[in-house]
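Undergrad: I'll drop the sequence and a predicted model, then ask my questions.
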Amino acid sequence: MMLTVAAAFKAVMDTVWDLGTETVAFETATGRVLREPILADRPFPPFDRITMDGIAVNYDSYVRGQHIFGVEDIQAAGAPQLQLSNTANCIEVMTGAVLPEMTDTVIPYEHLEFSEHEGFRRFTVHGTVKKGQNIHYKGSDVDKGAALLQPGVVIGPAEIGVLATVGKTRVRVSRQPRVVVIATGDELVPVHATPALHQVRMSNVYSLVAALEQIGIKARYIHLTDEVATMRAQLEPLLTETDIWISSGAVSAGKFDYLPAVLQQLGMQQVFHKVQQRPGKPFLFGTFPDGPLVFALPGNPVSGFMCFYRYIRPWIQAAMGEVNPAPVYAQLAEKIVFDAALEYYIPVKLQSQPDGVLLAIPQPYQGSGDLASLLKADAFLALPLEENVFEKGNCYEVWKFR
C-alpha cells in the first residue's frame with residue numbers, strides 16, 4: 001500500500017532523534033545549529049556611545065543662549081572617558097567614543113563653524129539642537145543578562161558577530177550526522193571516465209553530497225555494483241559507523257534491484273516503500289535497530305533530488321534541533337492539468353513581483369530523468385493529491401533548493 005506524502009513525511013519525522021551536541025570554536029561555527037542560549041555579558045552598548053563626529057556639550061548652556069563653545073579636549077574612540085570642566089566649553093568627540101562626563105548632547109561638524117584665535121579653538125553652532133541627539137545610550141539595545149540568541153538558530157554572520165561581542169570563544173552546537181551516500185548500479189562509471197554507450201557517469205551521489213554541504217554536512221560516498229554478496233559486504237561495516245544512509249537507485253521492481261532485499265537481510269525494518277508522489281514514487285524508508293536510518297531513493301536524478309529536499313533535509317534539520325522554518329508559498333504562473341492521482345512536485349523558477357507576490361513559473365520538464373530541468377529552477381512546487389486541475393493564480397507550497 002502506497003502512503004500519501006503527508007503520511008510518508010510523518011513516518012519519517014516520527015523517527016527523529018537528538019543527534020547530541022559538541023563544543024566548537026566560535027570562528028568555525030558558521031552554518032551550525034546553536035544549542036545553548038547566548039546572554040549579553042554587559043549592556044548593549046556598554047556606555048553612552050557617540051554616533052557622529054562633532055562636539056559634546058552641556059545642553060543647558062545651549063538653551064541659555066550660548067552658541068559659541070571653546071574646545072577643552074578631544075574624546076577619541078577607545079580612549080578613557082574625559083570630563084568637561086566648564087559647561088561653557090565643549091569636547092570634540094569621535095564616532096564610537098564614550099560620551100564625556102558633564103555633557104549630554106552631540107552636535108555634528110556639519111552644523112558647526114570652526115575658528116581659532118591665538119591658539120584658542122572654538123566652534124559656533126548653526127541650526128537647531130535637540131537634547132540628547134547623536135548619542136546611542138548605554139543599554140538602549142539590550143540589558144546585561146538578556147538573551148541574545150536562543151537554541152535552534154542556525155549560526156550565520158550576524159550570530160558570529162554577537163558571539164564575538166560577548167566573548168563567547170567556544171559555543172555548544174548540534175553534532176552533525178555521519179552520512180554515507182550510496183550509488184548503485186553496474187552502469188555507473190567514475191566522472192573522469194569516458195562511458196561506453198551502455199554506461200553513464202556517476203552524478204546523483206555528487207548532487208546529494210552537494211545538497212548536504214548546503215547545510216554544512218560533509219558526507220562520504222560509495223558505489224555498490226549489482227551483486228548481492230558484494231552489496232552486503234560493503235554495507236555491513238557501515239552499520240556502526242554512520243547515522244544515515246542515502247542511496248540512489250536499485251529500489252524499483254527491476255530484476256537487478258537487489259538493494260531492498262539486502263537491506264532487510266542486514267536487519268533493516270522497512271517503514272514504507274512507495275509514496276503517492278511524482279517524481280519519487282519508489283522511495284523506500286527504513287530503520288536499523290540501534291543503527292542508521294535508510295533513505296533509499298529512486299535512481300532517476302530528479303526523483304532523488306526532490307526527495308532529499310522534501311524528506312531528508314527536514315529530518316536532519318529537526319535532529320540537529322534547528323527551529324522549524326516557516327513554509328514558503330508561491331502563486332502558480334500558468335494553469336496545469338494532470339490525469340493521475342498523485343502529489344506532483346514540478347520544477348519552478350521563483351520570481352518576486354513588484355506587488356510582493358512570489359510567482360512560481362513552471363519550467364520545461366521531460367520527467368524524472370531530466371536533470372537539466374533543474375538548471376533554470378529554484379524549487380519544487382507541491383501540487384496536492386486532492387486536485388488534478390491547478391489554476392493560474394492559486395498558491396501552493398514550494399520546497400526551495402536554491
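TA: Cool, the structure landed.
Undergrad: all contacts plus neighbour counts: C-alpha atoms, from now on.
TA: Fine.
Undergrad: max-length strand in this protein?
TA: In the chain, assigned by DSSP state E, the strand with the most residues is strand 343-352.
Undergrad: which residues sit against it?
TA: Residues from elsewhere that reach strand 343-352, judged by Cα atoms under 8 Å, 6 or more residues apart in numbering: 4-5, 276-279, 306, 330, 358-363, 365, 373-374, 376-385.
Undergrad: Select only the buried ones of these in PyMOL?
TA: Buried members of those can be picked out in PyMOL with the line below, counting by 16 or more other Cα atoms under 10 Å:
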select buried, resi 4+5+276+277+278+279+306+330+358+359+360+361+362+363+373+374+377+378+379+380+381+382+383+384
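Undergrad: Just the ones of the contacts of strand 343-352 in strands?
TA: In strands, defined here by DSSP E, the members of these are 277-278, 330, 358-362, 379-383.
Undergrad: Can you tell me the SS state at residue 72?
TA: In terms of secondary structure, residue 72 is strand; the call rests on DSSP: H, G, I helix; E, B strand; the rest coil.
Undergrad: immediately after the helix ranked longest in the chain, which helix or strand?
TA: Taking residue count as the measure and DSSP state H as the definition, the longest helix of the chain comes out as helix 204-214. Stepping forward along the backbone from helix 204-214, the first helix or strand reached (DSSP states H and E) is strand 220-224.
Undergrad: Packing partners of the helix or strand just after that following strand?
TA: Beyond strand 220-224 on the C-terminal side, the first helix or strand identified by DSSP H and E is helix 228-235. Counting contacts by 3 or more Cα pairs under 8 Å, 6 or more residues apart in numbering; DSSP states H and E, helix 228-235 packs against strand 220-224, helix 259-265.
Undergrad: The shortest one: which residues count as buried?
TA: In this case it means strand 220-224. Along strand 220-224, these residues count as buried under the neighbour rule (16+ other Cα under 10 Å): 221, 223-224.
Undergrad: contacting residues around it?
TA: For strand 220-224, contacts defined as Cα under 8 Å, 6+ apart pick out 179-185, 205, 209, 230-231, 234.
Undergrad: Turn these into a markdown table, including pLDDT.
TA: Formatted as a markdown table, the contacts of strand 220-224 follow (pLDDT from 0 to 100):
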| residue | pLDDT |
| --- | --- |
| 179 | 98 |
| 180 | 97 |
| 181 | 97 |
| 182 | 94 |
| 183 | 92 |
| 184 | 91 |
| 185 | 84 |
| 205 | 92 |
| 209 | 95 |
| 230 | 91 |
| 231 | 92 |
| 234 | 94 |
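Undergrad: Greatest separation within those: which pair is it?
TA: 209 and 230 (22.9 Å; Cα to Cα).
Undergrad: With neighbour numbers in mind, choose between those two.
TA: residue 209 (19 against 11; other Cα atoms under 10 Å).
Undergrad: Quick check: phi and psi on residue 26?
TA: As for residue 26, its main-chain torsions (degrees, to the nearest 10) stand at phi -60, psi -30.
Undergrad: wait, it sits on residue 173?
TA: No. No contact is recorded between residue 26 and residue 173 when judged using Cα atoms under 8 Å, the distance being 9.8 Å.
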